[in-house]
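Enquirer: Here is the input, now give the coordinates:
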Amino acid sequence: MTTRLDRLEEAVRAVLGAGIRQLVRARGEITVTVAAADYAMAARTLRDHPQLKFEQLIDLCGVDYSAYRNQPWEGARYCVVSHLMSISHNWRIRLKVFAPEDELPMVASVTEIWSSANWFEREAFDLYGIVFEGHNDLRRILTDYGFIGHPMRKDFPVSGHVEMRYDAERKRVIYQPVTIEPREVTPRIVREDQYGGVT
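Expert: Predicted coordinates:
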């Protein structure tokens, strides 16, 4: 396993070279971080270079680092993480790119490189608000068209902003402000006199 990871790391360093911002090797996996300006080029190189041949994009997701590990985060807030697989060489890699701006997080779309990225990018747009430049059908995929905000952002309110319900009088679905009262749930602790054989 280590020898194969050594070969993969060597090939990635040789092929991507100065385009690598960070390469981390942990838990038997390699994670490569590239700049947003180099993202599309790095993705195409990872797919097309004969030493690498990452033909398949297995997964792509967004990440909000604003409270990473429950601590203040220094640096860009939004990240796109792609998991790639090479069937030819039987190895995997994780490719990360941070959106340069937090107000309007934007990175290049990789749908022309891997068509499987289509719905994954739409999901990251819907849940995190990350815009994929060049995506030809970037619209919500999991939330409703009238939904406000992006629910996987760490600053999104737990109860949301609006709720929908069916109105029998109007015979249609209506939207209204959230009516759920926020509450704090404190678990009740039950103590038994004979618990654990101790009196």
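
Enquirer: Look up how far residue 16 lies from residue 23.
Expert: Separation of residue 23 from residue 16 (Cβ to Cβ, to the nearest Å): 9 Å. Where C-beta positions appear, they are placed from N, C-alpha and C, glycine not excepted.

Enquirer: anything in contact with each of the two?
Expert: Shared contacts of residue 23 and residue 16 (Cβ atoms under 8 Å, 6 or more residues apart in numbering): residue 32.

Enquirer: Give me the average confidence score over whatever helix or strand residue 43 lives in.
Expert: Assigned by DSSP states H and E, residue 43 belongs to helix 39-48. Mean per-residue pLDDT for helix 39-48: 97.

Enquirer: name the helices or strands packed onto that helix?
Expert: Taking 3 or more Cβ pairs under 8 Å, 6 or more residues apart in numbering; DSSP states H and E as contact, the helices and strands that helix 39-48 lies on are helix 2-16, strand 78-86, strand 91-98, strand 106-108.

Enquirer: Sketch out the low-pLDDT regions of the protein for me.
Expert: For the chain, applying pLDDT under 70 flags the ranges 1, 160, 182-183, 187-199.

Enquirer: helix, strand or coil for the residue nearest in space to the middle of it?
Expert: Centroid-nearest residue in the chain, with Cα atoms, centre = their mean: residue 62, separated by 1.9 Å. Three-state assignment for residue 62 (DSSP: H, G, I helix; E, B strand; the rest coil): strand.

Enquirer: which residues touch it?
Expert: Residue 62 sits next to 78, 79, 80, 81, 123, 124, 127, 128, 130, 152 when contact means Cβ under 8 Å, 6+ apart.

Enquirer: how close does it sit to residue 178?
Expert: 24 Å.

Enquirer: One more: residue 16?
Expert: Using Cβ to Cβ, one obtains 47 Å as the distance from residue 16 to residue 178.

Enquirer: More neighbours: those two, which one.
Expert: residue 16 (21 against 12; other Cβ atoms under 10 Å).

Enquirer: Now the more buried one: closest residue in space, sequence neighbours ignored.
Expert: The shortest distance from residue 16 to any non-neighbouring residue, by Cβ to Cβ, 6 or more residues apart in numbering, is to residue 42 (6.0 Å).
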